[in-house]
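Asks: Build the 3D model from these lines:
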Amino acid sequence: MTALKQLVSAVTLALAATCVNADAIHDAVKSEHRSADAKARDEYRHPQQTLRFFGIEPGMKVVEVWPGGGWYTDILAPLLNDNGELVAAHFYVDETTNDYFKNALKKFNERVASHPPYADLTVTAFHPTKALDMTEAGTADAVLTFRNVHNWYMRHGDEGLSNAFGAFFKVLKPGGVLGVVEHEMPADGSDEHMKKSGYMKRDVVIAAAEAAGFTLADSSDVNANPRDDADHPKGVWTLPPSLAMKDQDRATYMAIGESNRMTLKFIKPEA
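Replies: Below you'll find the predicted structure:
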């Protein structure tokens, strides 16, 4: 085979693989197992574009950190069921845990027991000070977390961030991907506001990841929302879907939509 034919063959195979992966993500997002309410959030959360940006493929082992009610899990589970592996590192519960986290974990486990796409899902626990070993070290192709970094910072400060990103680094293979989507505060926002608003500064998130050993590979504006200035009476929860102000100024917040979000792709270096 000539060099030209070899090049054409390699490009053809790469394009075919890309199409297969894109189709798999498309099919998972459009799955009949996802509720209409969940799909209504797609216009704000852009799951197809986000997962492609992170390079998620059907044969990977993926750890989803703090999946909450399973919004992204409903997409990742069918995507990974046949050839991959999905680990849901959910809330860690002990005698000090508040009812919100206890109830959320209980509902998620009930869903695991009854929801067909979750049949092969592995549930573990993560907590930035109490439970750091989400799965075996060095075995994950990707770690993903959506709109969670603020929780670790608000509750545990810099220690929470350091421990969290260190734990993510530990479970990834060399060359593995850490995908982070987080509510973004403007760079000139106050640190005090960051501690209670649910918004994080991009440079703080990047610094925490880099301190753990990660390299920032790329960033995307796919989940950016320029209508959101990150300055609301009840923080990010003022906006949909929470709408913490209830009917007060509801039309205003609905017009803004969900929060402005950074989408960051980190790599664990090969060496």
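
Asks: tell me which element His156 falls in.
Replies: In this structure, His156 sits in helix 149-171 according to DSSP states H and E.

Asks: Output the contacting helices and strands for that helix.
Replies: Counting contacts by 3 or more CB pairs under 8 Å, 6 or more residues apart in numbering; DSSP states H and E, helix 149-171 is packed against strand 61-65, strand 140-146, strand 172-185, helix 191-197, strand 200-201, helix 202-212. Where you see a C-beta, it was placed from the backbone N, CA and C, and this is true even at glycine.

Asks: Give me the contact list for the last one.
Replies: The set of residues external to helix 202-212 that reach it, using CB atoms under 8 Å, 6 or more residues apart in numbering, is 149, 153, 158, 161-162, 164-166, 168-169, 178, 180, 182, 184, 187, 194, 216, 262, 264, 266.

Asks: again with the second one
Replies: Under the criterion CB under 8 Å, 6+ apart, residues 45, 54-56, 60-66, 71-72, 76, 87, 168, 171-173, 176-181 lie in contact with strand 140-146.

Asks: for the record, mean pLDDT for that strand?
Replies: In this model, strand 140-146 has an average pLDDT of 98.

Asks: ditto for stretch 56-75
Replies: In this model, stretch 56-75 carries a mean pLDDT of 98.

Asks: Thr124: what secondary structure?
Replies: strand (DSSP: H, G, I helix; E, B strand; the rest coil).

Asks: I meant Ser242, not that one.
Replies: coil.

Asks: picking up where we left off before, need the helices and strands packed on helix 149-171 in CSV (columns: distance to Asp247).
Replies: Below are those laid out as CSV (distance: least, CB to CB, whole Å):
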stretch, distance to Asp247
strand 61-65, 34
strand 140-146, 28
strand 172-185, 23
helix 191-197, 22
strand 200-201, 29
helix 202-212, 33
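
Asks: just so I know, which of those lies nearest Pro233?
Replies: Shortest distance between Pro233 and the helices and strands packed on helix 149-171, using CB to CB, is found for helix 191-197: 10.2 Å.

Asks: Which residues does the closest one contact?
Replies: By CB under 8 Å, 6+ apart, the list of residues contacting helix 191-197 from outside reads 150, 153-154, 185, 199-201, 204, 230-232, 235-236.

Asks: Show me which positions of that helix end up buried.
Replies: Neighbour counts over helix 191-197 (16 or more other CB atoms under 10 Å) mark His193, Met194, Ser197 as buried.

Asks: For it, output the C-alpha coordinates as CSV.
Replies: Extracted C-alpha coordinates of helix 191-197, given in CSV (Å, rounded to 0.1, in the frame of the first residue of the first chain):
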residue,chain,number,x,y,z
ASP,A,191,-14.2,36.5,46.6
GLU,A,192,-16.8,37.0,49.3
HIS,A,193,-19.6,36.7,46.8
MET,A,194,-18.0,33.5,45.4
LYS,A,195,-18.3,31.9,48.9
LYS,A,196,-22.1,32.1,48.9
SER,A,197,-23.4,32.7,45.4
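
Asks: could you give the mean pLDDT of it?
Replies: Averaging pLDDT along helix 191-197 yields 94.

Asks: picking up where we left off before, would you show me how to pick out the buried ones of the contacts of helix 202-212 in PyMOL?
Replies: Those of those that count as buried under 16+ other CB under 10 Å are selected in PyMOL with:
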select buried, resi 149+153+161+162+164+165+166+168+169+178+180+182+184+194+262+264+266
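
Asks: if I look at the closest residue in space to Ser220 that isn't next to it in sequence, how far off is Phe101?
Replies: Residue nearest to Ser220 in three dimensions, not counting chain neighbours: Thr263, with 4.4 Å by CB to CB, 6 or more residues apart in numbering. Between Thr263 and Phe101 the distance is 26 Å, computed by CB to CB, to the nearest Å.
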